[in-house]
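Chemist: how would this look folded up:
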Amino acid sequence: MKRASFFVLFISLIGCSCASQQRATFHPSASSPAVESKAPKNSAQVIHVFVALCDNVNQGIVPVAPTLGNGDDPQRNLYWGAAFGVKTFFDRNTDWQPVAINSSSSKSSSVVLDRVAYKYRKANAFLVAEAYRGLYIRQATEDFLAAASGTPGESLAVSVNGIQTELQLGGSSDLIAYAGHDGLMDFQLTSVPKKRDDQQRAAIILACAGKSYFADALRTTGAKPLLWTTNLMAPEAYILSAAVDGWLNHETDEQIRMRAAKAYDRYQHCGMKSANTLFATGW
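Modeler: Numbering: from 1, shown residues only. The predicted model follows:
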């Protein structure tokens, strides 16, 4: 499995390096009283993860194995159903309990192909992840930034040991994460939503050179960059898991960054010196 992961990393790095290096430009979205509703608050901590499925055809990457790079097949996709994909990794993580989702998504089933929810066993916290069809990587990016700005999201009913809980997603989330190919290497955003309220949301961006490509957009949303990347990398779920654990344990931003670097070195065997420079926190 480790050898396979290393191979995937090698291919992923090539894919990112072949992407367009043009920086995205955009204009902040104009504010309108009609759309300035505030995101409702949750009684529990909520983490909302936006995953753009790896896609050989529709993303600017060097193709990976066909089963891993089929952006229409979440169950075998590199970033979702593969060994280190978000769904598989959290399914196997004993700190997280998979919970039943009792409400349908308002997002088109042709855009979001799968959605999972987990309850953290050590605290009153939930993680909800959505798998976007690879073709819709732009939509995944825009939805992530909208959530980071505080734009209200969906209401999600989940059952934990037979007890139903209502979760508010999107801008109601305390921590918002994006994982997948850095689509901003391939396309430009025409606008980015401005920060809507005074809530301090944290953001994780696991994509090649995320700090360089997402900085202007994330600053506009008002979200705080808890963890992002400085160079080419494989955005696999062990990084997300390590960072979320540190965040739930109320660790410092630097401790969370170091958690991510150690997890990356553990699975990729790249050496702590390289892993340490790959991850950043703050501006």
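
Chemist: What strand or helix carries R219?
Modeler: helix 210-221 (DSSP states H and E).

Chemist: which other helices and strands contact that helix?
Modeler: helix 137-149, strand 191-192, strand 202-206, strand 224-229 (3 or more Cβ pairs under 8 Å, 6 or more residues apart in numbering; DSSP states H and E). Quick note: C-beta positions are derived from backbone N, CA and C, even for glycine.

Chemist: buried residues in it?
Modeler: 210-218, 220-221 (16 or more other Cβ atoms under 10 Å).

Chemist: same question, stretch 162-171
Modeler: Those would be 165, 167-171, for stretch 162-171 by 16+ other Cβ under 10 Å.

Chemist: Kindly export it (C-alpha atoms) in CSV.
Modeler: Extracted C-alpha coordinates of stretch 162-171, given in CSV (Å, rounded to 0.1, in the frame of the first residue of the first chain):
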residue,chain,number,x,y,z
GLY,A,162,-31.2,6.6,16.9
ILE,A,163,-31.3,10.2,18.0
GLN,A,164,-31.9,12.7,15.2
THR,A,165,-29.7,15.9,15.0
GLU,A,166,-30.1,18.8,12.7
LEU,A,167,-26.8,20.2,11.3
GLN,A,168,-26.4,23.5,9.4
LEU,A,169,-23.7,23.3,6.7
GLY,A,170,-21.9,25.8,4.5
GLY,A,171,-21.4,29.1,6.3
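
Chemist: Identify the residues contacting that stretch?
Modeler: 39-42, 44, 46, 48, 102, 117, 126, 128, 143, 146-159, 196-197, 201 (Cβ atoms under 8 Å, 6 or more residues apart in numbering).

Chemist: Got phi/psi on the nearest residue to A242 once chain neighbours are set aside?
Modeler: Leaving aside its chain neighbours, A242 sits nearest to A263 (3.8 Å; criterion: Cβ to Cβ, 6 or more residues apart in numbering). Main-chain torsions, A263, degrees, to the nearest 10: phi -60, psi -40.

Chemist: and L218, what does it touch?
Modeler: Going by Cβ under 8 Å, 6+ apart, the list of residues near L218 reads 145, 148, 203, 205, 225.

Chemist: rerun at 6 Å
Modeler: Applying Cβ atoms under 6 Å, 6 or more residues apart in numbering, we find L218 in contact with P225.

Chemist: Against M258, how distant is it?
Modeler: Taking Cβ to Cβ, to the nearest Å as the measure, L218 falls 21 Å from M258.

Chemist: Contacts only, for the residue most central in space within the chain.
Modeler: Centroid-nearest residue in the chain, with Cα atoms, centre = their mean: Y178, separated by 2.1 Å. Contacts for Y178 (Cβ under 6 Å, 6+ apart) come out as 50, 144, 205.
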